[in-house]
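**Q** no sequence for this one, just the structure:
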């Protein structure tokens, strides 16, 4: 074989390798710069928001009476903590809590009441159901008519101005969570709600966003209508309330509370009959 050809090929391979290494180094540096820039934006936005009023981005009103509907004891802390914190600290806003199961163990009722006290929700405002039609089972979809009737009864009894619950993905994909959404959706679509009451759902995010704390802040605030944000100091109240759920406060929930953006920020969307009809028709297709 001609040595000049071998040298030419070798030189070509060396040039190609060098160019490839240079290219990946450039890409790596650009990624590092992009990550640092994004971190700076997140930190700047977080510090900025801690020093301004959030009322313009919270539920309008604020509602005089808010009903939070959850499936299990501990849902209120694990998913809705930031919203509860700010609503409890608002004047002329009373929070009611409706839990549709006892979570499989009677002692969890006591834990929920203890958690509610820490959060600032009066015990008289907490209702916990025990119904064989609403079992605590992640594989069971609850009858939406039972869920809807239960919620409507509370709305009318307490003249609730705003109902807040899970969206159609239920944050964690739990069927009990999702069942509540379809219960409130049926109330909206059948026009059974009083005119003074609106419905809001907690936004479900993907797994990458779910455990990024402050890093999810720019995306969260740009993609939603209403949001509630806590400082790291304010989050201590949420963590204290979660510790009241002694039977549930195992190692993986401790990690969840440490890294979940739901213990840091809540993003909510209002739902109405027209949006729901389009959404559900799209799902059916």
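**A** Received the coordinates, thanks. Bear in mind the structure is a predicted one, so any value in this text is a computation, not a measurement.
**Q** elements contacting the lengthiest helix in the chain?
**A** Across the chain, the helix with the greatest residue count (assigned by DSSP state H) is helix 3-50. With contacts defined as 3 or more C-beta pairs under 8 Å, 6 or more residues apart in numbering; DSSP states H and E, helix 3-50 has these neighbours: helix 217-222. For every residue, glycine as well, the C-beta is placed using N, CA and C.
**Q** Buried residues, the helix it packs on. List them.
**A** Within helix 217-222, the residues that qualify as buried are 217, 220, counting by 16 or more other C-beta atoms under 10 Å.
**Q** what distance separates that helix from the centre of its chain?
**A** With C-alpha atoms, centre = their mean, to the nearest Å as the basis, helix 217-222 stands 13 Å off its chain's centre.
**Q** Check which element follows it along the chain.
**A** strand 226-229 (DSSP states H and E).
**Q** contacts for that next one?
**A** For strand 226-229, contacts defined as C-beta atoms under 8 Å, 6 or more residues apart in numbering pick out 49-50, 54, 57-59, 82-83, 85-86, 200, 217, 220-221, 264-270.
**Q** swap in stretch 169-187?
**A** Here stretch 169-187 makes contact (C-beta under 8 Å, 6+ apart) with 69-72, 75, 79, 100-101, 134, 136-142, 144-148, 150-152, 163, 165-168, 192-193, 199, 201-202, 204, 262, 271, 276, 280.
**Q** so who does the nearest residue to residue 242 once chain neighbours are set aside touch?
**A** Closest residue in space to residue 242, ignoring its immediate chain neighbours: residue 77 at 4.5 Å, by C-beta to C-beta, 6 or more residues apart in numbering. Contact partners of residue 77, counting by C-beta under 8 Å, 6+ apart, are 115, 119, 238, 241, 242, 245, 263.
**Q** possible to save those residues as TSV with neighbour count, pLDDT and secondary structure?
**A** TSV is the format used below for the contacts of residue 77 (neighbours: other C-beta atoms under 10 Å; pLDDT from 0 to 100; DSSP: H, G, I helix; E, B strand; the rest coil):
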residue	neighbour count	pLDDT	secondary structure
115	26	96	helix
119	22	95	helix
238	25	94	helix
241	25	96	helix
242	24	96	helix
245	23	95	coil
263	22	92	helix
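**Q** out of those residues, who's nearest residue 225?
**A** Nearest to residue 225 among the contacts of residue 77 is residue 263, at 20.9 Å by C-beta to C-beta.
**Q** hang on, the closest one packs against residue 234?
**A** No - using C-beta atoms under 8 Å, residue 263 makes no contact with residue 234, being 10.4 Å away.
**Q** Look up how far residue 134 lies from residue 174.
**A** 13 Å (C-beta to C-beta, to the nearest Å).
**Q** Let me see the ranges of the strands in this structure.
**A** 65-70, 94-99, 126-128, 162-166, 198-202, 226-229, 265-271 (DSSP state E).
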